[in-house]
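Engineer: pasting the structure only:
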């Protein structure tokens with residue numbers, strides 16, 4: 001009998017929904033529990049159409065910073081008893097995930113973890129220093145989206161055979177055809193507009209400095225956040241031409257990326273950076289900080305984009321090269337599209353099913369068997 005798999009996550013996103021739907025299409029017995037339907041600053045919940053059982057566990061979403069949240073949910077055991085998972089995937093360590101891990105271990109269910117993070121993005125509170133090792137010691141598999149993440153968990157004692165690398169895939173396919181280099185906007189920001197994680201102030205410094213080199217610089221901004229008004233005011237004061245949308249539905253993103261030449265992701269804290277996949281599959285080279293999970297993996301320096309230290313002069317120099325040299329832009333755009341195209345929903349789903357197949361040995365218990 002095929003195993004029943006439950007994923008307990010923060011919330012469904014358009015890209016995880018695509019993966020889960022693909023897994024169900026391939027016959028996986030899958031259900032998803034979420035801590036919340038949607039965190040603040042997210043607006044996609046109404047656009048998601050799950051083809052699997054999905055339940056939001058009642059609870060509270062508490063801000064721990066301007067861009068990060070923790071969840072405290074009630075009725076987790078009741079929800080898990082109803083779903084009877086053979087394999088339970090968690091995607092974090094906060095209190096609701098700890099409660100689910102306790103349920104799995106006391107009821108003899110296989111526990112696994114799926115996370116985007118790596119060393120720089122893992123919280124290091126006293127709570128996490130106590131809880132994280134306890135959960136990891138009980139996980140039979142860890143799914144990471146990056147080599148950085150896999151290395152992090154290997155360094156914490158997980159065996160190589162317990163670690164799986166499953167890349168993230170955008171919610172939508174690359175457009176065909178992809179526009180050429182004659183695009184309306186030179187620079188794109190597509191992220192929350194904050195300083196703590198996304199480093200918006202540094203992006204502003206780079207754009208203002210680049211504008212002195214290119215007086216006709218055009219900038220596209222998609223996002224909202226606590227630094228939004230400051231960013232818009234600063235660009236207006238500098239005379240920089242900006243087109244700003246606080247939100248675009250994910251179905252409209254391909255058209256937006258097709259209007260832009262270069263994406264900048266200046267983050268200080270970025271588990272992966274799926275916006276790079278999205279931009280690159282539309283032929284947009286990316287300039288990213290070394291704190292971005294995709295740096296040196298999907299975004300390869302001087303190949304599919306540039307990976308830079310947080311020095312304004314470095315960003316201005318490489319952005320100027322991309323904008324001034326049409327041959328270089330065309331070459332990097334093609335490399336970016338090729339690299340993004342190598343990451344497919346079919347391959348990610350196949351890799352996930354291989355993890356499930358390994359975890360399902362020996363065959364799962366009979367449905368309705370007495371709990372341990």
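Structural biologist: Happy to help now that I have it. These numbers were taken from a predicted model, which means no experiment stands behind them.
Engineer: Could you list the low-pLDDT ranges of the stretch 51-200 of the chain?
Structural biologist: Along the stretch 51-200 of the chain, the parts satisfying pLDDT under 70 run over 64-68.
Engineer: For it, which segments are assigned as strands?
Structural biologist: Listed in chain order, the strands of the stretch 51-200 of the chain (DSSP state E, counting those that start in this stretch) span 53-56, 59-63, 69-73, 87-90, 110-115, 141-144, 163-165, 185-190.
Engineer: Tell me which of those strands sits nearest to residue 47.
Structural biologist: Of all these, strand 53-56 sits nearest to residue 47, with 14.1 Å by CB to CB. For glycine as for every other residue, the C-beta is placed from the backbone atoms N, C-alpha and C.
Engineer: So for residue 118, what's the nearest residue that isn't a sequence neighbour?
Structural biologist: Nearest residue to residue 118, sequence neighbours excluded (CB to CB, 6 or more residues apart in numbering): residue 148, at 3.6 Å.
Engineer: for residue 296, that is, sorry about that
Structural biologist: Residue 296's closest residue in space is residue 307 (CB to CB, 6+ apart), at 5.7 Å.
Engineer: so what does the stretch of helix or strand the one you found belongs to touch, helix or strand wise?
Structural biologist: If you go by DSSP states H and E, residue 307 is part of strand 305-308. Where contact means 3 or more CB pairs under 8 Å, 6 or more residues apart in numbering; DSSP states H and E, strand 305-308 is packed against strand 286-289, helix 312-324.
Engineer: Residues touching whichever helix or strand comes after the longest one, excluding its own?
Structural biologist: Per DSSP H and E, helix 312-324 leads on to helix 326-341 as the next helix or strand towards the C-terminus. Contacts of helix 326-341 with the rest of the structure, by CB atoms under 8 Å, 6 or more residues apart in numbering, involve 174, 178, 180-181, 261, 277, 279-286, 298, 300, 303-305, 321-323.
Engineer: Buried ones among those residues?
Structural biologist: In the contacts of helix 326-341, burial by neighbour count holds for 174, 178, 261, 277, 279-286, 298, 300, 304-305, 322-323, counting by 16 or more other CB atoms under 10 Å.
Engineer: hey, where'd the helices end up in this structure?
Structural biologist: Here the chain has its helices, by DSSP state H, at 14-25, 76-83, 95-106, 126-138, 147-155, 200-213, 228-237, 253-257, 274-280, 312-324, 326-341, 345-359.
Engineer: Give me whichever of these is most buried.
Structural biologist: When you average the neighbours per residue for each of those (mean count of other CB atoms under 10 Å), helix 274-280 leads with a mean of 26.
Engineer: Contacts made by that helix with the rest, please.
Structural biologist: When contacts are defined by CB under 8 Å, 6+ apart, helix 274-280 is touched by residues 15, 168-170, 172, 188, 190-191, 253, 257, 260, 263, 265, 286, 288, 292, 294, 298-299, 304-305, 336-337, 339-340, 343.
Engineer: about what we covered before: in JSON lines, list the helices of the chain along with distance to residue 37.
Structural biologist: Listed next are these as JSON lines, based on distance: least, CB to CB, whole Å:
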{"stretch": "helix 14-25", "distance to residue 37": "12"}
{"stretch": "helix 76-83", "distance to residue 37": "15"}
{"stretch": "helix 95-106", "distance to residue 37": "14"}
{"stretch": "helix 126-138", "distance to residue 37": "25"}
{"stretch": "helix 147-155", "distance to residue 37": "26"}
{"stretch": "helix 200-213", "distance to residue 37": "27"}
{"stretch": "helix 228-237", "distance to residue 37": "24"}
{"stretch": "helix 253-257", "distance to residue 37": "21"}
{"stretch": "helix 274-280", "distance to residue 37": "20"}
{"stretch": "helix 312-324", "distance to residue 37": "37"}
{"stretch": "helix 326-341", "distance to residue 37": "29"}
{"stretch": "helix 345-359", "distance to residue 37": "23"}
